[in-house]
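Colleague: turn this into a model:
(2 chains)
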Number of protein chains: 2
Amino acid sequence: MSTDLDRPLAGLRVVECATFVAGPSGGMALAQLGADVIRVDAIGGGPDHRRWPLAPAGGSLYWNGLNKGKRSVTVDLSAPEGRELVTALVTAPGPQAGILLENTGRAWLSYDTLAKRRPDLIHLRIQGHADGRPAVDYTVNAATGVPDVTGPETTTTPVNHVLPAWDLLTGMTATTGLLAALHRRQRTGRGGLIELALADVALASVANLGWLAEAQLSGRDRAKQGNHLYGAFGVDFATRDGRRVMVVALTASQWRALCRATGTEKVFAAMEEALRADFSQDDDRYRWRKVIEPILRPWFEDRTAEEAGRALDAARVLWGPYRTFTEAAAAGDPLIAQVEQPGTGAVASAGSPLRWSGGGSAPPAAAPRLGAHTHEVLSDVLGLTRADLSRLSEAGVIGGVSP
Amino acid sequence: MSTDLDRPLAGLRVVECATFVAGPSGGMALAQLGADVIRVDAIGGGPDHRRWPLAPAGGSLYWNGLNKGKRSVTVDLSAPEGRELVTALVTAPGPQAGILLENTGRAWLSYDTLAKRRPDLIHLRIQGHADGRPAVDYTVNAATGVPDVTGPETTTTPVNHVLPAWDLLTGMTATTGLLAALHRRQRTGRGGLIELALADVALASVANLGWLAEAQLSGRDRAKQGNHLYGAFGVDFATRDGRRVMVVALTASQWRALCRATGTEKVFAAMEEALRADFSQDDDRYRWRKVIEPILRPWFEDRTAEEAGRALDAARVLWGPYRTFTEAAAAGDPLIAQVEQPGTGAVASAGSPLRWSGGGSAPPAAAPRLGAHTHEVLSDVLGLTRADLSRLSEAGVIGGVSP
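Modeller: Okay, the predicted model is just below:
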């Protein structure tokens, strides 16, 4: 928990009852902005507590990565007394409290039940499908149409993404919704239920990019384009030393820079004349991409990645190197710090990508040990005494630090 | 522009000077929550105004999809008088105004320049790299390490994603940052500059998922896993009618459901004994995925997708069908409406995925014609007279509706 009053969400309290990526990543973003985010789990942890990747020592690097800077409370969620404690945490008074982020779908955590206790509650519920059917990133992704157009042109089956893009996007859509609801509550005094389905985030995104409308109006689906960009020029090239770079020309000036860097202005001018094409236009760069690519390729094959990079930078070409996770972790990016994670050791951890002038940013924090703040939070927020906590602990209603 | 006072951001005014996906998608999310979002472009449009996909009639389905519900203003951005108009729009008074979302990197739109005119300005600048070097989704993605682990196991080169996931995630990180900054300004009166680099959003995400820490601690990079989930069980299966479904067992109960649906309980129990494995554990489901997959496969090959889906639903298996964009557009999802887009006709358009109890949601709006609100906004916000507007229009300083 941050006590830095300069941080944008200092003083705000959010209770998070969520597992896996979407909810926890949203809660973490709020914690990184200074909110006091209290993650509530069953004693022993939720179904994501041992999710891969794991550290050699055993802890979940995934759980640690998505719960940095939160306070962790564990409670017997099947016991009435445990549920009452969670309800009390969620509905505790105060203009900066009464905010719940959850994906449990549980009836005792329903808005109607909770709003009886705090009518101005802001409750954001993350769902799989809007009608309540379960879904996860990978099932939702299949239905968007994206795997159908992803991967090498020679592949005839869908290619799944590895990045849980929909989970991450849902997490930040949730935080946007929660902060918009808070803005409204401050103006009008009204809270409310906000529902957000993973499947809707995914479908809205492919629609917003124009991809559904294109299929609808053209009457046909796009084919896979391998690593080529759709509708402009961009593709990867191998360099002499066995590295690869991604090169993009989305605009006419980026295209001119690429021609200048690779000394291909004259060749392409002649080709434009021969083909009656105009490579300053997106359409023609895309249409002739299979002609453009092999003309550029030898320039890259003749250079090491470092030589190519230097020349591309000098000409202001838009490009980037491919890296592995190991290389990305070792690159010394200022966003990444080595954070001492209890039970695991020092691990590469990211701060918030939002950089605030004059304070508001903070270096990455460690994740809590599961249950570490149970007594502290129940005492702080609900005013439980040491005797209360002992009794609840002995009765197995609340947890504490996991061993 | 919405005039519905029930909507969460009703009354808020945001000026957007941004192109392509990240900034515009964030601005659109704010417009869908009820904010008055004024997108400012050069006369004739920004570099994204003709971005693919295009409608058969010529308009950009991409631009339309990402700018729904905004007001569009066009100004000569190279003319001092044009720049002054934009500056005046950004710094106009009012507690619900003074919010800028931009990705231009232009000096005349720098925070230091603008804050002289409105010291409590909230200015969110989206960048490529944090040090100012340009980058786009596709160059940033290469450097995350994700393409290295994406795609068929037999592919030896990186596989790019097609979805501009980092752009979309940056857009919603930007809206989260803007609303957090607004919360702080309402409490403290202070605005500020918030910078957000696409490359940082991407790197933070792969770090948060534990992927960089895993590479660092294990000393090696993951291999490509094809369509298999990492660290649990999930893969796609072909059905008798040539369709495909994605099936996932992230938890022990999802695994039991899958065994029940496919009648494989006894086979897997015998295999667990023979292999000394426990498929209720993530680790063992992942380790033995290449044994598990072919045992399940015939069940899918013997059924049509519809038959398989019915049986999987009945057993509460977590699964989803693969679809193409055409199929996704035609599925009749309530999130998608046919919106009449001027110059294009009716197109499949998505509303906000955030669903608000008791009002706050709105059906998808059309995108503005480029420049359509130039006169209206300059008159509304800056109080320009009809005579002023005529003079500026004749001098070529401001645009109007494009033909």
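
Colleague: show me the contacts for the closest residue to A:Phe20 other than its chain neighbours.
Modeller: Nearest residue to A:Phe20, sequence neighbours excluded (CB to CB, 6 or more residues apart in numbering or on different chains): A:Asp48, at 4.8 Å. All C-beta spots, glycine's among them, are computed from the backbone N, C-alpha and C. Shown in contact with A:Asp48 (CB atoms under 8 Å, 6 or more residues apart in numbering or on different chains): A:19-20, A:24, A:60, A:62-63.

Colleague: hmm, try it at 10 Å
Modeller: Listed by CB atoms under 10 Å, 6 or more residues apart in numbering or on different chains, the contact set of A:Asp48 reads A:18-21, A:23-24, A:41, A:60, A:62-63, A:66-67, B:250-251.

Colleague: so which of those sit within helices?
Modeller: Secondary structure assignment by DSSP state H places A:23-24, A:62-63, A:66 of the contacts of A:Asp48 in helices.

Colleague: out of these, who has the most neighbours?
Modeller: Most neighbours among those, by other CB atoms under 10 Å in any protein chain shown: A:Leu66, with 30 neighbours.

Colleague: how distant is stretch A:374-389 from the center of its chain?
Modeller: Offset of stretch A:374-389 from its chain centre (CA atoms, centre = their mean, to the nearest Å): 33 Å.

Colleague: which SS state does the residue in the stretch 301-403 of chain A that chain B sits nearest to fall under?
Modeller: Scanning the stretch 301-403 of chain A for proximity to chain B using CB to the nearest CB identifies A:Gly320 as nearest, at 3.1 Å. Following DSSP: H, G, I helix; E, B strand; the rest coil, we place A:Gly320 in the strand state.

Colleague: does it really touch B:His129, like I thought?
Modeller: Yes. When contacts are counted by CB atoms under 10 Å, A:Gly320 is listed as touching B:His129 (9.4 Å).

Colleague: can you report phi and psi for the nearest residue to A:Trp52 once chain neighbours are set aside?
Modeller: Leaving aside its chain neighbours, A:Trp52 sits nearest to B:Gly231 (2.5 Å; criterion: CB to CB, 6+ apart). Phi and psi for B:Gly231, reported as degrees, to the nearest 10, are phi 80, psi 10.

Colleague: which parts of the top helix by length along chain A are buried?
Modeller: Across chain A, the longest stretch assigned as helix under DSSP H is helix A:165-188. The neighbour-count criterion (16 or more other CB atoms under 10 Å in any protein chain shown) identifies A:165-185 as the buried residues of helix A:165-188.

Colleague: now check the helix or strand where A:Leu30 lies, is it near chain B?
Modeller: When elements are defined using DSSP states H and E, A:Leu30 is found to belong to helix A:22-32. Yes. Helix A:22-32 comes into contact with chain B (CB under 10 Å from any CB of the partner chain), by way of A:24-26, A:28-30, A:32.

Colleague: could you pull out the buried residues of the helix or strand containing A:Glu84?
Modeller: Secondary structure assigned from DSSP H and E places A:Glu84 in helix A:80-91. Within helix A:80-91, the residues that count as buried by 16+ other CB under 10 Å are A:82-83, A:85-87, A:89-91.

Colleague: so is that helix next to chain B?
Modeller: No. Judged by CB under 10 Å from any CB, helix A:80-91 stays clear of chain B, getting no closer than 16.5 Å.

Colleague: of all the residues of helix A:22-32 next to chain B, which comes closest to A:Gly345?
Modeller: Among the residues of helix A:22-32 next to chain B, A:Met28 lies closest to A:Gly345 (CB to CB), at 20.6 Å.

Colleague: now stretch A:113-132, how far from the centre of its chain.
Modeller: Taking CA atoms, centre = their mean, one finds stretch A:113-132 lying 22 Å from the centre of the chain it belongs to.

Colleague: for stretch A:133-149, same thing?
Modeller: Counting by CA atoms, centre = their mean, stretch A:133-149 comes out at 16 Å from the chain centroid.

Colleague: the residue of the stretch 101-250 of chain A found nearest chain B - how many residues pack around it?
Modeller: Per CB to the nearest CB, A:Gly231 is where the stretch 101-250 of chain A lies closest to chain B, at 2.5 Å. A:Gly231 sits with 23 neighbouring residues when counted by other CB under 10 Å.

Colleague: repeat that for A:Arg316.
Modeller: 16.

Colleague: so it is in which element?
Modeller: Using DSSP H and E, A:Arg316 maps to neither a helix nor a strand.

Colleague: and the nearest residue to it once chain neighbours are set aside, how close does it get to B:Val21?
Modeller: Spatial nearest neighbour of A:Arg316, excluding adjacent residues (CB to CB, 6+ apart): A:Ala257 at 4.9 Å. Distance of A:Ala257 to B:Val21, given as CB to CB, to the nearest Å: 21 Å.

Colleague: of those two, which one has the most company?
Modeller: Neighbours per residue, other CB under 10 Å: of A:Ala257 and B:Val21, the larger number sits with B:Val21, 25 against 19.

Colleague: which one of the contacts of A:Asp48 is nearest B:Gly383?
Modeller: Of all those, the one with the least separation from B:Gly383 (CB to CB) is A:Gly23, at 45.4 Å.

Colleague: in terms of pLDDT, where does the closest one sit?
Modeller: According to the prediction, A:Gly23 has pLDDT 98.

Colleague: quick one: contacts for it?
Modeller: With contacts defined as CB under 10 Å, 6+ apart, A:Gly23 is in contact with A:16-17, A:39, A:48, A:66, A:101-104, A:124-126, A:167, A:170-171, A:174, A:196.

Colleague: also A:Gly45?
Modeller: A:19, A:60, A:63, A:72, A:74, A:370-371, A:399, A:402.

Colleague: picking up where we left off before, ok, A:Gly320 and B:His129, which is more surrounded?
Modeller: Neighbour count, other CB under 10 Å: between A:Gly320 and B:His129, A:Gly320 has more, with 26 against 17.
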